[in-house]
Every structure is written in structure tokens, then in C-alpha cells.
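A.B. asks: kindly return the folded structure for what I paste below:
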Amino acid sequence: MSAYTKVVVGTDGSESSYRAVDRAARLAADAEATLVIACAYVPADPRSVSHAADQLGDDAYQIRGDNPAEDIVRGARERALAAGATQIEARTVRGAPVESLIKLSDEVGADLLVVGNKGLNSLTGRLLGSVPADAARRATCDVLIVHTT
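C.D. replies: Numbering: from 1, shown residues only. Reported below is the predicted structural model:
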């Protein structure tokens, strides 16, 4: 039996983050742990969304739609089921990714936080920080950084 009973995984809807969901789901299934899938969001007004979409280019999928965070966790839940997880909670959390994941992990009593490595080895990530590096530094539970890129 694994020491992990509650696993939190973050996703932003990218294929890379879904790979982290797949790994977390397999781990949760093997451990018979509860998997909590989370997507952080920041509400924006329509003008901001339009401007951000222009800036994000191919990554604009993260901010479009009526409720993209709900759609993202729904898709991640389906992937987690396919990967073998049976006890799944899907949550949308308001706020920046790292802060939201840390807060949620603490709230649910997670003993493992799973994130993808996207941004970890980029110049921007080294200068400004990245979700995996910041999560590893700030989490109060174990952190698994999955090689997803």
C-alpha cells in the first residue's frame, strides 16, 4: 500500500498537462488514492480576453469559452478514468496556478501534488519562475514533477 491517499494534479488543458493527469491517475489507481484534478482560472472581462488571446496565440484555448476551466477538468476527469483512477474529484479554483494548487492541496489534505515540467527548463522559467519549480518550493506535501515536454 502506498503512503499516498490523496493526490492533487493541476491541468491547464494543454496536452502537456494532460500527460501529468495521466501519470497522476495511474499513481492514484495503484495506490487506491483519491485524485483531485484542478484547473486554476482568473475571471476576465471581454476586452481583456480579446487582448490576451492576441498575445497568447496558440495557447489562447486556455481563456476562451463560456467556462473553459470546467471543460478542462471534465476532459481531464475522462482521461483519469481511462487511466484507471476511480475516486476522482474535479475542481476549478480561482486564482493563479501555483497559489491555487498549494491552497487546494492544503485544503484537501493532499500528500502528493503532481505537475508537469512545462516551463521548468525555459529561459523565462529560470528568470521569472515556473509552475513546477514554484510548486516544488512552496508545497507542504510531496511534489512529483512529471516529464511532459
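
A.B. asks: and the helix or strand harbouring residue 72, how far out from the chain's middle?
C.D. replies: Following DSSP states H and E, one finds residue 72 within helix 68-82. Distance, stretch centre to chain centre, for helix 68-82: 11 Å (CA atoms, centre = their mean, to the nearest Å).

A.B. asks: quickly run through the sheet partners of the host helix or strand of residue 37, with directions.
C.D. replies: In the assignment (DSSP H and E), residue 37 maps to strand 34-41. Counting by DSSP bridges, the strands paired with strand 34-41 are strand 6-10 (parallel), strand 88-94 (parallel).

A.B. asks: next structured bit after the last one?
C.D. replies: Reading on from strand 88-94 to the C-terminus, the next helix or strand found by DSSP H and E is helix 97-108.

A.B. asks: returning to what we had before: pick the most deeply packed of the strands paired with strand 34-41.
C.D. replies: Most buried of the strands paired with strand 34-41, by mean neighbour count (mean count of other CB atoms under 10 Å): strand 6-10, with a mean of 28. C-betas here are computed from N, CA, C, even on glycine.

A.B. asks: so that one versus helix 97-108, what angle?
C.D. replies: 160 degrees (axes from the mean of the first three to the mean of the last three CA atoms, to 10 degrees).

A.B. asks: from the chain's centre, how far out does strand 6-10 sit?
C.D. replies: Distance of strand 6-10 from its chain centroid, counting by CA atoms, centre = their mean, is 8 Å.
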